[in-house]
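A.B. asks: Sequence isn't available, so here's the structure alone:
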């Protein structure tokens, strides 16, 4: 069921009432000695991910504890670190990981997930049987799951297009939270997993001069990228032509002159409807400038035929089409022998790079305008279309979106800036009462937004995104989409030391002189052309608005028909029909809501056939 996550070796291990299975993607120490499950003396480990500083940890274990190693990989280092330091070993690790270790003497099973949830770890305890896996589908098929929908996760996936927090879409299956570990005694008559947090995002802003911050951030990034280059196979890079992937690719090329890069291209007719920027132009420019071995993949609607399979691979309903792009790049790269790709993911969350962050700041100012000014603005926005003659009209789309949250209190405004329904619309969309789930969803966001009351507005938004958006969406789809193609994606911006430093930077240096990501852009001026640094912000996604209007139209009419909606019994057809009709008329931009409803129906068909 998880063969795609590691086609290089499949192994299993059984001891009494404990069984491990592992699929290996060989990246560090390609020899058979590092195959898993890895057994040494009385400890067995299954490990997913990479510990980038494993050489330093290995030296400590050799020098301080006299450990003798039999492999040159990081899995054995993780095992010995756990043996000698227990759960404190996690304080030493810089990397992305999810692992389980079982001690045959003490009968303790220990599980841990990395600091920010780069690697997944699902678990379930049912009928006094404990099971865990990297993928939800594995537990659905093997752990006797109830196959009932988690109502909170359903609501959340509609609200955000993804499932936040530590719930899964399936009742009874949860995610081990980032920065957490878990222990249980496998001989206990009644299994009682005990969860503990080993890492808290206890960030503190440090006042520094701008010049000092530039110098230090530059070095922190260089060090992190060097750490992420450790491998016994070639490393390549995503290159969208935007700031983050461009900076990452150039810095990576300082350690590997022959780096290859991959980008996604879009058909011209899709760009017209979507009003998408020409990413390929900037990616091509940088590739020529640095002599990258550059590859371009054109995404077209033929991928729609593969959509049901991708929904299955992604595990949970994800309505963000960026997952499609990631899968296509990784699939293409893997066909050319690539096993590792670097991604610029995380920079927007850390350095204040999202449009919605800027828009929420503008909303803060907009609320100070007198009502006599705001009234005509609202009236004008109500009249604006989002499409004219089948072509996207961004001013109308953006203005309607902005005014949908601009008058709300600031935390609610930020939540609504990336929510797809207001509280009243859920009663029209969903069959049944979801008020309890809605209250929990709103409280979850409120608590994260104000977790650090001392933060300025910029860092409040950054912290919320790191804690929720980054883990719940970006890292989740990146792992599923890449591993579906048997490719490991590494995210140097989400290196433990980079995150720690970025969240110590004052908001005044993240947003300055009308520039989002000001401090990162200033560092980037040392490495990149200004045309790339200061180009318009572009999203990393497929042209869903174009596809919903054209190529997916037949699928929408089929899967979201009155009969199928009523048979499913979850949504109210009248409201779904209004979403579709208004989108087709061009009076509302509902493409993402419609796409998420499609992915949900495809997900139900795959996993909840009963």
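C.D. replies: In hand now; what should we look at? Bear in mind that the values here come from a model prediction, so they are computed numbers and not experimental data.
A.B. asks: Tell me, how many residues neighbour residue 537?
C.D. replies: Residues lying near residue 537 (other CB atoms under 10 Å) number 14. Placement of C-beta: from N, CA and C, glycine included.
A.B. asks: now residue 113
C.D. replies: Residue 113 - counted by other CB under 10 Å - has 27 other residues nearby.
A.B. asks: How about the one 10 residues further on?
C.D. replies: By other CB under 10 Å, the residues close to residue 123 number 20.
A.B. asks: any idea how far the residue nearest to the spatial centre of the chain lies from residue 343?
C.D. replies: With distances taken as CA atoms, centre = their mean, the chain has residue 474 as the residue nearest its mean C-alpha position (1.6 Å). Residue 474 sits 9 Å away from residue 343, going by CB to CB, to the nearest Å.
A.B. asks: With residue 192 instead?
C.D. replies: Counting by CB to CB, the gap between residue 192 and residue 343 amounts to 38 Å.
A.B. asks: And the two? Which one has more around it.
C.D. replies: residue 343 (25 against 11).
A.B. asks: what distance separates the start and the end of stretch 555-572?
C.D. replies: By CA to CA, to the nearest Å, the extent of stretch 555-572 from end to end equals 18 Å.
A.B. asks: Check stretch 505-518 too.
C.D. replies: Start to finish, the residues bounding stretch 505-518 are 11 Å apart (CA to CA).
A.B. asks: So which bits of it are buried?
C.D. replies: Buried residues in stretch 505-518, defined by neighbour count with 16 or more other CB atoms under 10 Å: 505, 506, 507, 509, 510, 511, 512, 515, 516, 517, 518.
A.B. asks: ok, the second one touching residue 207?
C.D. replies: Yes - because the distance of 6.5 Å satisfies CB atoms under 8 Å, residue 506 is recorded as touching residue 207.
A.B. asks: what residue ranges in the stretch 201-350 of the chain score low on pLDDT?
C.D. replies: For the stretch 201-350 of the chain, the stretches with pLDDT under 70 are 266-278, 300-301, 303.
A.B. asks: all helices for it, in order.
C.D. replies: Applying DSSP state H, counting those that start in this stretch to the stretch 201-350 of the chain gives helices spanning 210-227, 243-253, 268-274, 279-290, 307-313, 322-335, 347-351.
A.B. asks: export the ones you listed to a markdown table and tack on mean neighbour count and distance to residue 106?
C.D. replies: Listed next are the helices of the stretch 201-350 of the chain as a markdown table, based on neighbours: other CB atoms under 10 Å; distance: least, CB to CB, whole Å:
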| stretch | mean neighbour count | distance to residue 106 |
| --- | --- | --- |
| helix 210-227 | 17 | 33 |
| helix 243-253 | 24 | 42 |
| helix 268-274 | 16 | 57 |
| helix 279-290 | 19 | 52 |
| helix 307-313 | 17 | 37 |
| helix 322-335 | 22 | 40 |
| helix 347-351 | 26 | 39 |
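A.B. asks: With respect to residue 608, which of the ones you listed lies nearest?
C.D. replies: Residue 608 lies closest to helix 307-313 among the helices of the stretch 201-350 of the chain, at 12.1 Å (CB to CB).
A.B. asks: residue ranges with poor pLDDT in the stretch 451-600 of the chain?
C.D. replies: For the stretch 451-600 of the chain, the ranges with pLDDT under 70 are 538-542.
A.B. asks: what's the spacing between the nearest residue to residue 600 once chain neighbours are set aside and residue 331?
C.D. replies: Take residue 600 and drop its neighbours on the chain: the residue closest to it by CB to CB, 6 or more residues apart in numbering is residue 317, 4.8 Å away. Per CB to CB, residue 317 is found 21 Å from residue 331.
A.B. asks: per-domain residue ranges of this structure.
C.D. replies: 3-197, 210-347+473-494, 552-610 (automatic domain parsing).
A.B. asks: and the first one, average pLDDT?
C.D. replies: For domain 3-197, mean pLDDT is 95.
A.B. asks: so how far does that domain reach from one end to the other?
C.D. replies: Domain 3-197 end-to-end distance (CA to CA) = 31 Å.
A.B. asks: Figure out how far that domain is from the centre of its chain.
C.D. replies: Computed by CA atoms, centre = their mean, to the nearest Å, the chain-centroid distance of domain 3-197 equals 19 Å.
A.B. asks: What strand or helix carries the residue of the chain most remote from its centre?
C.D. replies: Distance to the chain centre peaks in the chain at residue 372, reaching 41.9 Å (criterion: CA atoms, centre = their mean). Following DSSP states H and E, the helix or strand that holds residue 372 is helix 371-383.
A.B. asks: could you say what helices and strands that helix packs with?
C.D. replies: Contact here means 3 or more CB pairs under 8 Å, 6 or more residues apart in numbering; DSSP states H and E; on that basis helix 371-383 packs against helix 394-403.
A.B. asks: So which elements touch the helix it packs on?
C.D. replies: With 3+ CB pairs under 8 Å, 6+ apart as the test, helix 394-403 has helix 355-366, helix 371-383 packed against it.
A.B. asks: and the last one, what's its mean pLDDT?
C.D. replies: It stands for helix 371-383. The average pLDDT for helix 371-383 rounds to 74.
A.B. asks: how much does it deviate in direction from helix 394-403?
C.D. replies: 130 degrees (axes from the mean of the first three to the mean of the last three CA atoms, to 10 degrees).
A.B. asks: roughly how far is helix 371-383 from the heart of the chain?
C.D. replies: The answer for helix 371-383 is 36 Å, by CA atoms, centre = their mean.
A.B. asks: isn't residue 414 right up against residue 358?
C.D. replies: No - in this structure residue 414 lies outside contact range of residue 358 using CB under 8 Å: 11.3 Å.
A.B. asks: higher neighbour count, these two?
C.D. replies: residue 414 (26 against 19).
A.B. asks: Which strand or helix spans that one?
C.D. replies: helix 410-417.
A.B. asks: tell me the helices in the stretch 1-150 of the chain, going along the chain?
C.D. replies: Under DSSP H, counting those that start in this stretch, the stretch 1-150 of the chain gives helices at 54-65, 74-85, 136-142.
A.B. asks: out of these, deepest packed?
C.D. replies: Comparing these on average neighbours per residue, with mean count of other CB atoms under 10 Å, the densest one is helix 74-85 at a mean of 23.
A.B. asks: Show me what it is packed up against.
C.D. replies: Contact analysis of helix 74-85 by 3+ CB pairs under 8 Å, 6+ apart lists strand 38-40, strand 43-51, helix 54-65, strand 95-103 as its packing neighbours.
A.B. asks: Just send these back as a markdown table, with distance to residue 80 too.
C.D. replies: Below are these laid out as a markdown table (distance: least, CB to CB, whole Å):
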| stretch | distance to residue 80 |
| --- | --- |
| strand 38-40 | 8 |
| strand 43-51 | 9 |
| helix 54-65 | 5 |
| strand 95-103 | 10 |
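A.B. asks: out of the ones you listed, which comes closest to residue 488?
C.D. replies: Residue 488 lies closest, by CB to CB, to one member of the helices and strands packed on helix 74-85: strand 43-51, at 7.5 Å.
A.B. asks: what's the closest one in contact with?
C.D. replies: Residues from elsewhere that reach strand 43-51 (CB atoms under 8 Å, 6 or more residues apart in numbering): 5, 13, 15, 20-22, 27-28, 36-38, 57, 74-75, 77-79, 82-83, 93-104, 114, 118-119, 134, 230, 488, 490.
A.B. asks: Next, the angle strand 95-103 makes with that strand.
C.D. replies: 180 degrees.
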